[in-house]
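Asker: turn this into a model:
(4 chains)
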There are 2 protein chains.
Amino acid sequence: MRVRQLAEKLGVSADTVRYYTRIGLLAPTKSTANGYKFYNIREQSCLRFILSARDLGFSVEDITQIIAKADDGQSACPTVRRLIDKRLHETQQRYLDMLRLRKRMLAAVDSWDSKEDKAPTGNQICYLIEEFIEVEVGSETK
Amino acid sequence: MRVRQLAEKLGVSADTVRYYTRIGLLAPTKSTANGYKFYNIREQSCLRFILSARDLGFSVEDITQIIAKADDGQSACPTVRRLIDKRLHETQQRYLDMLRLRKRMLAAVDSWDSKEDKAPTGNQICYLIEEFIEVEVGSETK
DNA sequence: ATTGACCTGTGTGCAGCTCACAGGTTTAGA
DNA sequence: TCTAAACCTGTGAGCTGCACACAGGTCAAT
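Answerer: Numbers count the residues shown, from 1 in each chain, chains lettered A, B, ... in the order given. Now for the predicted structure:
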């Protein structure tokens, strides 16, 4: 199997497969004379694992560690449990960040609805933004 | 004012100020003989605007456009309204992505609680991940 | 033999900073 | 006056997780 074929089989881009190969997560045989890389069934299941882990929020670095453990013959489970804890906290945090940002953006759009456009002055670049923030800061709705 | 002083005044890192300067959002005077950059009150209020816009979800590229409009003497408001619409959609999407990821991660952690650690086999790298995904795919809780 | 369509690996780019580093500046002390 | 240490500076590179550009290789049809 060459890069394209493997990529399509698992529904990712060839560039993604190349990337995982480049950083050493996939180790295809150096192929024939033309330098093309050749992926076998072993690489395919490795890629499938990578994608599964990715969908669970593990970073590429995490996945590297997990695979390294397994390649070493040890159980990767403790590592997996430890890492997902960390990533879960981060995801929770980002989720909250997005929630708050979304709320703030909605509030801005809403308040701007009743305001007209204005030209910039020497002191202001865009009064919509500058005045909205001032109001926001005051009412700290944490 | 030099970079550090301005940074501390507005509560960001000196590196952040340097970054905005590097990409042309801030244009300090080239300073004295030693090459140090000098920020005046005008730059300070510009940085304050940048941070306000950033907190509303505008990208650095957005902010560049907004400031360019204002520098050109035109009202940046129409641009601002158009851009925040785009960013709001993206934020909404990312919020949903985080929500779904969080849910999946919680489900994984929960189901792994009652499972033991296992060593890798020739076919599996970490059965926790591989088996969880299989179950998940089946029950497509969209 | 030649054209054209498709494929390959490698190098670079992206956002939004953060860090490393070599050197300049300032200040305390002797 | 000299010096040594603490602090500050600008510039260059690095980070994540790919996507894109590009020069060249391959292969089927002419």
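Asker: can you pull the residues of chain A lying near DNA strand C?
Answerer: Residues of chain A found near DNA strand C (C-beta under 7 Å from any atom of the strand) are A:2-5, A:14-15, A:18, A:22, A:28, A:31, A:35-37. In this view, the C-beta of every residue, glycine as well, is placed from N, C-alpha and C.
Asker: if you set the cut-off to 6 Å instead, what comes out?
Answerer: Proximity of chain A to DNA strand C is confined to A:2-4, A:14, A:18, A:35-37 under the rule C-beta under 6 Å from any atom of the strand.
Asker: most neighbours among those residues, please name it.
Answerer: Among the residues of chain A next to DNA strand C, residue A:3 has the most neighbours (other C-beta atoms under 10 Å in any protein chain shown), with 20 neighbours.
Asker: secondary structure class of the residue lying closest to residue A:13 once chain neighbours are set aside, three-state.
Answerer: In this structure, residue A:13 finds its nearest non-sequential neighbour in residue A:7, 5.9 Å apart by C-beta to C-beta, 6 or more residues apart in numbering or on different chains. State at residue A:7, reduced to three classes by DSSP: H, G, I helix; E, B strand; the rest coil: helix.
Asker: quick check: residue A:7 vs chain B, distance?
Answerer: Distance, residue A:7 to chain B, using C-beta to the nearest C-beta, to the nearest Å: 19 Å.
Asker: just the residues of chain A next to DNA strand C that are near DNA strand D?
Answerer: Contacts with DNA strand D within the residues of chain A next to DNA strand C, counted by C-beta under 6 Å from any atom of the strand: none were found.
Asker: can you pull out the low-pLDDT segments for chain A?
Answerer: Confidence mapping of chain A against pLDDT under 70 gives the ranges A:31, A:138-142.
Asker: what parts of it come near DNA strand D?
Answerer: Checking chain A against DNA strand D by C-beta under 6 Å from any atom of the strand, the hits are A:13, A:15-16, A:19, A:34, A:54, A:59-61.
Asker: quick one: contacts for the residue nearest to residue A:13?
Answerer: By C-beta atoms under 8 Å, 6 or more residues apart in numbering or on different chains, the contact set of residue A:7 is A:13-14, A:16-17.
Asker: same question for residue A:128.
Answerer: Each residue near residue A:128 by C-beta under 8 Å, 6+ apart is listed here: A:108, A:112, A:115, B:77, B:80-81.
Asker: rerun that using 6 Å as the cut-off
Answerer: A:112, B:77, B:80 (C-beta atoms under 6 Å, 6 or more residues apart in numbering or on different chains).
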